[in-house]
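Enquirer: Fold the following for me, if possible:
(one chain, ligands or ions: 1)
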Amino acid sequence: SQIHQPPRAALSMTFKRQFLQSVAALSVGLFLSGCGKTTPTPVAAEPAASAPAAPAPAAKVITVGTDPTYAPFEFQNEKGEIVGFDIDVLRAAAQKAGLEVKFVSTPWEGAFTALAQGDRDVLVSAITITDERKQTMDFSDPYFEASQLIAVPAASTVSKLDDLKNKKIGVQTGTTGEEVVVKLQGKTSTNIKRFESTPLALAELAAGGVDAVVADNGVVTHYLANNPSAGFKSITDAGFAPEFYGVALKKGNTELLAQINKGLADIKADGSYQAINDKYFKQAK
Ligand code: ARG
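Expert: Residues are numbered from 1 along each chain as shown. Prediction:
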């Protein structure tokens, strides 16, 4: 399934809401005081207070595009559900803003077009905020700092980006990793091998088809930790600029942008952002 299933708690809330609505439709008022609450309420006491509260208005659902090939930020678990750091962050922020989120697997290469066309309300996909992208889309406040990182076979003599000047490099098409490599080798270099996902680029490195992969540090680090048999090491470069991830929105969608920024600020303030960060990036396990 490409569509993320809501977690159990959300499911049961939805179920309860739907159940309440159908019960209400049958006008079986007596059931309401018992079914709508998690703790039983004595029916006899205070008849006035036992009247059920009106069901909360359904939260607005926003469609979120993400390319779930980017663990630990967005990936699919064994059940095919879209999960990850970005997913948790956006869901938590949206919840603060009274929004419900529906994650839709969206290939990276088509994602910005899908956003511009209104097929997705927002994108969350470890997207680096860049001046160029800001021309065609809006970004939330940054929610994560990253940088590029080089993956090479453990025996490689590469020790900095410049050592890759004449080497074959795998990148994911249309990423900031590609930008870095294009700057190094030139746009038309035949040594730049573009892939539709970062895992495909890393698989090519394992197969010996490229000498290095340049991608976001979190993803490279996660891959190395989870695939020790690949025998890669990572190399940083002093020239790699700090990058900041943001939630992307269609240009001019200021109301939703404000809601998301408010939600992000709220989860930073109340510690839930930190808890999500610890869940995915805590060193000691
Ligand atoms: N941060 C990089 C960029 O914005 C790579 C993001 C790729 N994300 C993904 N889910 N494939 O270009």
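Enquirer: residue ranges with poor pLDDT in the stretch 151-285 of the chain?
Expert: 283-285 (pLDDT under 70).
Enquirer: and if we set it to 90?
Expert: Within the stretch 151-285 of the chain, the segments meeting pLDDT under 90 span 282-285.
Enquirer: dump the residue contacts of whichever residue of it sits closest to the ligand.
Expert: Nearest to the ligand, among the residues of the stretch 151-285 of the chain, is Thr175, at 3.4 Å (C-beta to the nearest ligand atom). Any C-beta I mention is one placed from the backbone N, CA and C, and that applies to glycine too. Residues near Thr175 by C-beta atoms under 8 Å, 6 or more residues apart in numbering: 108, 128, 198, 215-216.
Enquirer: Then Asp138?
Expert: 248-254, 257.
Enquirer: contacting residues for Leu257?
Expert: Per C-beta under 8 Å, 6+ apart, neighbours of Leu257: 138, 140, 249.
Enquirer: Mark which of the residues you listed are part of helices, please.
Expert: Using DSSP state H, no member of the contacts of Leu257 falls in helices.
Enquirer: In JSON lines: those residues, plus distance to Ala59.
Expert: JSON lines is the format used below for those (distance: C-beta to C-beta, whole Å):
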{"residue": "Asp138", "distance to Ala59": "22"}
{"residue": "Ser140", "distance to Ala59": "19"}
{"residue": "Leu249", "distance to Ala59": "18"}
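Enquirer: Get me the contact residues on the stretch 1-150 of the chain for the ligand.
Expert: With C-beta under 6 Å from any ligand atom as the criterion, the stretch 1-150 of the chain comes near the ligand at residues 67, 69-70, 74, 108, 125-128.
Enquirer: let's see it at 8 Å
Expert: 66-70, 73-74, 86, 108, 125-128, 130, 133, 146 (C-beta under 8 Å from any ligand atom).
Enquirer: need the helices for the stretch 151-285 of the chain, in chain order.
Expert: For the stretch 151-285 of the chain, the helices defined by DSSP state H, counting those that start in this stretch cover 176-185, 198-206, 217-226, 254-269, 272-281.
Enquirer: What residues of the longest one count as buried?
Expert: This means helix 254-269. Across helix 254-269, burial judged by 16 or more other C-beta atoms under 10 Å covers 256-257, 259-261, 263-264, 266-268.
Enquirer: got the CA positions of that helix in PDB?
Expert: Output in PDB follows, covering the C-alpha atoms of helix 254-269 (Å, rounded to 0.1, in the frame of the first residue of the first chain):
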ATOM      1  CA  THR A 254       0.200  31.200   3.300                       C
ATOM      2  CA  GLU A 255      -2.600  29.900   5.600                       C
ATOM      3  CA  LEU A 256      -1.300  26.400   5.600                       C
ATOM      4  CA  LEU A 257       2.300  27.600   5.900                       C
ATOM      5  CA  ALA A 258       1.400  29.600   9.000                       C
ATOM      6  CA  GLN A 259      -0.300  26.500  10.500                       C
ATOM      7  CA  ILE A 260       2.700  24.300   9.900                       C
ATOM      8  CA  ASN A 261       5.100  26.800  11.200                       C
ATOM      9  CA  LYS A 262       3.000  27.200  14.300                       C
ATOM     10  CA  GLY A 263       2.900  23.400  14.700                       C
ATOM     11  CA  LEU A 264       6.700  23.100  14.300                       C
ATOM     12  CA  ALA A 265       7.200  25.800  16.900                       C
ATOM     13  CA  ASP A 266       4.800  24.100  19.300                       C
ATOM     14  CA  ILE A 267       6.500  20.700  19.000                       C
ATOM     15  CA  LYS A 268       9.900  22.300  19.500                       C
ATOM     16  CA  ALA A 269       8.600  24.100  22.600                       C
END
